[in-house]
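Participant: I need the structure of the sequence given here:
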Amino acid sequence: MVSTLSLANGLTLLFAALCLWTMAAQSRGGVTTLGRVALPGGFALMATLMLLAGVFEASFLFDILWVGAFAVGSVIGRIRGWMLSVQSNREAGLVSLPATIDGFIAALALAALSGIDFTSAMLGEALIEPGYVAAASALCAGFLGYRVLVIALRVVRPTPPGNVSRAA
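Facilitator: Sure, this is the predicted structure:
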């Protein structure tokens with residue numbers, strides 16, 4: 001069952017578009033603030049939760065799919081966050097990221113899924129079952145969320161002093 005077109009579908013599409021827009025700027029690489037690095041993950045999480053709320057005929061299978069997809073995306077995002085070469089300037093609060101395409105692809109997939117949800121609501125029939133759309137978006141949000149979480153952890157974590165001798 002698909003809900004009728006409502007403000008929630010439009011907001012989901014808006015959050016996904018904002019995720020794509022902020023991730024497009026970030027995927028080019030360069031120096032930015034930690035807050036701007038976190039924006040795509042936050043927008044992705046909001047879009048995913050709204051897509052999950054749109055699943056009216058929920059079943060145990062869709063719940064398992066959603067949680068499993070979020071867990072898989074989180075693990076992949078965590079690994080990717082550790083693989084990126086990130087440099088930070090703590091005094092200025094800036095982060096230098098390399099140019100990557102992985103976050104942009106995840107944001108593009110989330111925008112496409114939100115577009116499918118919007119189109120389904122507009123037509124009144126599901127192009128893809130809403131439970132599967134929510135699960136796929138959870139994969140994208142888990143990836144983007146944990147990717148930025150690891151980057152933030154790497155930036156704010158204190159580095160151990162290099163040449164400190166132990167007391168005898």
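Participant: Let me see the ranges of the strands in this structure.
Facilitator: 30-33, 87-89, 94-97 (DSSP state E).
Participant: In terms of secondary structure, what does the shortest one contact?
Facilitator: Read it as strand 87-89. With contacts taken as 3 or more Cβ pairs under 8 Å, 6 or more residues apart in numbering; DSSP states H and E, strand 87-89 sits against strand 94-97. (Each C-beta comes from the backbone N, C-alpha and C, glycine too.)
Participant: Pull out the buried residues from the strand it packs on.
Facilitator: Buried residues in strand 94-97, counted by 16 or more other Cβ atoms under 10 Å: 95, 97.
Participant: Centre of the chain to that strand, how far?
Facilitator: 18 Å (Cα atoms, centre = their mean, to the nearest Å).
Participant: show me the contacts for the closest residue to residue 8 other than its chain neighbours.
Facilitator: Leaving out its chain neighbours, the residue that sits closest to residue 8 by Cβ to Cβ, 6 or more residues apart in numbering is residue 50, at 5.8 Å. Taking Cβ atoms under 8 Å, 6 or more residues apart in numbering, we find residue 50 in contact with 8, 11, 12, 15.
Participant: Tell me the one of those residues nearest residue 58?
Facilitator: residue 8 (15.9 Å; Cβ to Cβ).
Participant: Near the closest one, how many other residues are there?
Facilitator: By other Cβ atoms under 10 Å, 15 other residues sit near residue 8.
Participant: ok, now how distant is it from residue 101?
Facilitator: 30 Å (Cβ to Cβ, to the nearest Å).
Participant: Same check on residue 157?
Facilitator: Residue 157 is 26 Å from residue 101, by Cβ to Cβ.
Participant: what does the helix or strand of the chain with the lowest mean pLDDT contact?
Facilitator: Lowest mean confidence among the helices and strands of the chain (mean pLDDT, DSSP states H and E): strand 87-89, at a mean of 84. Residues external to strand 87-89 that are found in contact with it (Cβ under 8 Å, 6+ apart): 94, 95, 96, 154, 155.
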